[in-house]
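In: sharing a sequence plus its predicted fold:
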Amino acid sequence: MTKYLITSALPYANGPLHFGHLAGAYLPADIYTRHLKLKGETAIHISGSDEHGVAIMLNAQKAKSPYKEYVDGWHKDHKEIFSRYEIEFDFFGQTSEPYHAVETVKWFKVLHEKGYIEPKDNQQLQCNSCHNHLPDRFVEGVCYHCGYDKARGDECPNCGNLIDSVKLKNPVCQICKSTDIKEVTVTQQYLMLSKYHKEYRKWFENPRLRETWRNTVYPYVDSMTKESLHERAITRDVDWGIDLPLPNSAGKKLYVWFDAPIGYVSNTKELCKARPELGDYLKDWWKNDDTKIIHFIGKDNIIFHTIIFPVMGMSSGIINPPTDVPANQYVNLNGKQFSKSQGHYVDSREAIDDFGATALRYYLINLIPESMDSSFTWDGMVAKVNNELANNIGNLVSRCLKFIEKNYQGELAAKYFASFLDSAQGKKCAADLKEHQNILDHIQIRKSIEHLMKIGFDANTYFTERAPWAQFKTDTEAAAETLAYASAYILILGVAFAPYLPGMSEKLLSHFPALTSAQKSHIYGGDLIVLNDYFKNGLKLQKPVEMLVPKLDEKKLAELQKALEAK
């Protein structure tokens, strides 16, 4: 039986989450996992905090906070944000916890014993003033590619090129700000990716991957790996991280990019411990040929998830490679990259306080950058939420259910629902639901929600053209049938929106008698025959009708847009 292991990129425990993070990896993974579970599939969603690395060390030092206390704080912050945006995980762990170190050390030892990890000397900068080694972000200087004066020792934020820190011009220690820096020779452990090039390409050239992976992913990885794979250092001389498990290695840690992806595996192991019915984390999941492994990431993580981590998994024999890596492009803010340091950002906490999860999820879903970069604007949010969600779905629910409540005492007899399945509306709705499910099966989330909104448009058109408020004056039976059909539409939409807008879905369905999980699954897949049994006693609204989608304050959002454009 096919199972699905869904991961979303481990958020770095070093700062707040912004809309680009949410729409780029976490909303898509959440929607896809909910979709699978609603279909009745066995699926788990795994993520957790990425808590090692130089950037965390620097900021913890600036905050005068112990490293563990620092990452625990951001871990808690991220979990709260995910919860408020209705993003669920089956397990959300931490790479600073002992269970993760145990799994990571196991991987290192297997790879080392098989000859895929070897020591190599390299050149590194060291500060003469504070005597610290200066790997990666412990040093800044002038980029030797573009001349940017704040290039980091691992990457230039301006031109995006990877940086060899010893080539930086005018290097500055980021610990003590000294410019008295020397070059020294150090020995580090390297992952010997080149040794697995032939086997990697044999896997990667599988026609199934070429056909199913996005055209923003497969061609890029193909060009990066066609000729060779390059060795990568996996240790650093730092004091925060997992100890290198080799003799005479005091002061050396396994580096963050090596241990972080193993977090998916260690977190799955912890989930299986907590839920024994899931089985073994390797035999039943990561090393199971019946499991589809799907990594949701942003494009900056493509190399790690399509090259390095698959090589680690296959060469060690510990896990299978991924089935798909649906990497998204970037979500920008009013056309420019999010930047908290430059004040060009939106506080995700303030936004959720002001506008709620339904409005923000809906707009962000429509921004998921599946094939190209997208841009968040407050004007765009008004257009999507007020003109589409509120007018299309919210207005239909309010008009229909309130009319039943007012004119039929909240009840409709079974006979009015009897012909819905055989009607043109019922048949088209069933076909559209099947097509919607097929689209989402292929992880085309923006297209799938557009398709779902078309069902809402059909329901609105039917309701408006039939005009039950006019029918009621001359033919209460015809009006009742119109309301029954519209109610069936609304119930169906309530089920179908569950992966996208779980809060709105729950609120909408709370007006109807409870559905079983099996009934929801059938309705979601377009098998509407279950409605005959569901409506066999008619419909009785379960509570007074409340507003489903409040419209956003357009004046307030216009002011926010103006302030955004002024930055």
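Out: Cool, the structure landed. Numbering: from 1, shown residues only.
In: is the closest residue to residue 173 other than its chain neighbours bridged to anything, and to what?
Out: For residue 173, the nearest residue in space outside its immediate sequence neighbours is residue 127; the separation is 4.1 Å by Cβ to Cβ, 6 or more residues apart in numbering. The way it works is simple: take the backbone N, C-alpha and C, and place the C-beta from them, glycine included. According to DSSP bridges, the residues that bridge with residue 127 are residue 181.
In: residue 127 against residue 174, yeah?
Out: No - contact criterion Cβ atoms under 8 Å: residue 127 and residue 174 do not qualify, at 9.3 Å.
In: overlap in contacts of those two?
Out: Residues touching both residue 127 and residue 174 (Cβ atoms under 8 Å, 6 or more residues apart in numbering) are residue 134.
In: now do the contacts for residue 515.
Out: The neighbourhood of residue 515, defined by Cβ under 8 Å, 6+ apart, consists of 491, 495, 509, 523, 534.
In: I'd like to know how far it sits from residue 239.
Out: Between residue 515 and residue 239 the computed distance is 55 Å (Cβ to Cβ, to the nearest Å).
In: likewise residue 169?
Out: Taking Cβ to Cβ, one finds residue 169 at 28 Å from residue 239.
In: now residue 273
Out: Here the distance between residue 273 and residue 239 works out to 30 Å (Cβ to Cβ).
In: now residue 44
Out: With distances taken as Cβ to Cβ, residue 44 is found 35 Å from residue 239.
In: out of these two, which sits in the busier spot?
Out: Taking residue 44 and residue 239 together and counting by other Cβ atoms under 10 Å, residue 44 has the greater number of neighbours (23 against 10).
In: okay but the more buried one is in contact with residue 29, surely?
Out: No - assessed by Cβ under 8 Å, residue 44 is found out of contact with residue 29, at 11.0 Å.
In: intersection of neighbour lists for those two?
Out: Shared contacts of residue 44 and residue 29 (Cβ under 8 Å, 6+ apart): residue 6.
In: on that earlier part again, who's in contact with the residue nearest to residue 173?
Out: Listed by Cβ under 8 Å, 6+ apart, the contact partners of residue 127 are 134, 173, 175-176, 178, 180-181.
In: from those residues, which has minimum pLDDT?
Out: Of all these, residue 175 carries the smallest pLDDT score, 85.
In: from what I can see it touches residue 130, true?
Out: Yes - contact status for residue 175 versus residue 130: in contact at 5.4 Å, counting by Cβ under 8 Å.
In: quick one, which of those two is more surrounded?
Out: Each of residue 175 and residue 130 had its neighbours counted (other Cβ under 10 Å), and the higher figure belongs to residue 175 (18 against 13).
In: for the more buried one, helix, strand, or coil?
Out: Three states are possible here, and by DSSP: H, G, I helix; E, B strand; the rest coil the one that applies to residue 175 is coil.
In: for residue 45, same thing?
Out: Once three-state DSSP is applied, residue 45 turns out strand.
In: ok, back up a step: need the max-distance pair from the contacts of residue 127.
Out: For the contacts of residue 127, the farthest-apart pair by Cβ to Cβ is 175 and 180; their separation is 12.3 Å.
In: could you find the closest non-adjacent residue to residue 240?
Out: Here the residue nearest residue 240, using Cβ to Cβ, 6+ apart, is residue 67, at 4.7 Å.
In: what's the burial count for the one you found?
Out: For residue 67, the neighbour count with other Cβ under 10 Å is 19.
In: just residue 407 next, same as before
Out: 15.
In: residues in contact with it?
Out: The contact partners of residue 407, by Cβ under 8 Å, 6+ apart, come to 472, 479.
In: starting at the chain centroid, how far to stretch 192-207?
Out: Going by Cα atoms, centre = their mean, to the nearest Å, the spacing between the C-alpha centre of stretch 192-207 and its chain's C-alpha centre is 27 Å.
In: one step back: of the contacts of residue 515, which pair is most distant in space?
Out: The span of these, defined through Cβ to Cβ, is set by 509 and 534 at 11.9 Å.
In: could you list the domains of this structure?
Out: When the chain is parsed with automatic domain parsing, its domains come out as 3-114+197-220+257-328, 117-189, 375-540.
In: is it possible to get JSON lines of these that adds distance to residue 356?
Out: As requested, the domains of the chain are exported to JSON lines (distance: least, Cβ to Cβ, whole Å):
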{"stretch": "domain 3-114+197-220+257-328", "distance to residue 356": "9"}
{"stretch": "domain 117-189", "distance to residue 356": "33"}
{"stretch": "domain 375-540", "distance to residue 356": "8"}
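In: closest to residue 335 out of those?
Out: So among the domains of the chain, domain 375-540 is nearest, using Cβ to Cβ, at 5.2 Å.
In: from one end of that closest one to the other, what's the distance?
Out: Taking Cα to Cα, to the nearest Å as the measure, domain 375-540 stretches 44 Å from start to finish.
In: how much space between residue 379 and residue 363?
Out: From residue 379 over to residue 363 (counting by Cβ to Cβ), the distance is 11 Å.
In: then residue 407?
Out: Taken as Cβ to Cβ, the spacing of residue 407 relative to residue 363 amounts to 35 Å.
In: then residue 171?
Out: Residue 171 sits 43 Å away from residue 363 when distances are taken as Cβ to Cβ.
In: hang on, residue 431 packs against residue 526?
Out: Yes - when contacts are counted by Cβ under 8 Å, residue 431 is listed as touching residue 526 (6.9 Å).
In: which residues does the residue nearest to residue 240 contact?
Out: 56-57, 60, 96, 240.
In: can you put the residues you listed in CSV and add distance to residue 49, neighbour count and pLDDT?
Out: As requested, the contacts of residue 67 are arranged in CSV below (distance: Cβ to Cβ, whole Å; neighbours: other Cβ atoms under 10 Å; pLDDT from 0 to 100):
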residue, distance to residue 49, neighbour count, pLDDT
56, 10, 24, 93
57, 15, 23, 92
60, 14, 21, 95
96, 8, 23, 98
240, 14, 21, 94
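In: output the residues you listed in TSV; the columns should cover secondary structure.
Out: Putting these into TSV (three-state DSSP) gives the following:
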residue	secondary structure
56	helix
57	helix
60	helix
96	coil
240	coil
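In: tell me the SS of residue 293?
Out: For residue 293, the secondary structure call by three-state DSSP comes out as strand.
In: what's around it, how many residues?
Out: By the criterion of other Cβ under 10 Å, residue 293 has 22 neighbours.
In: now it, which residues is it bridged with?
Out: Counting by DSSP bridges, residue 293 forms beta bridges with residue 5.
In: residue 507 and residue 312: what is the separation?
Out: 44 Å.
In: so between those two, which is more surrounded?
Out: When neighbours are counted by other Cβ under 10 Å, residue 312 comes out ahead of the other of residue 507 and residue 312, with 26 against 17.
In: who's in contact with the nearest residue to residue 414 once chain neighbours are set aside?
Out: Distances taken as Cβ to Cβ, 6+ apart place residue 538 nearest to residue 414, at 4.3 Å, with adjacent residues excluded. Neighbouring residues of residue 538 by Cβ under 8 Å, 6+ apart: 411-417.
In: now do the phi/psi pair for residue 538.
Out: As for residue 538, its main-chain torsions (degrees, to the nearest 10) stand at phi 80, psi -160.
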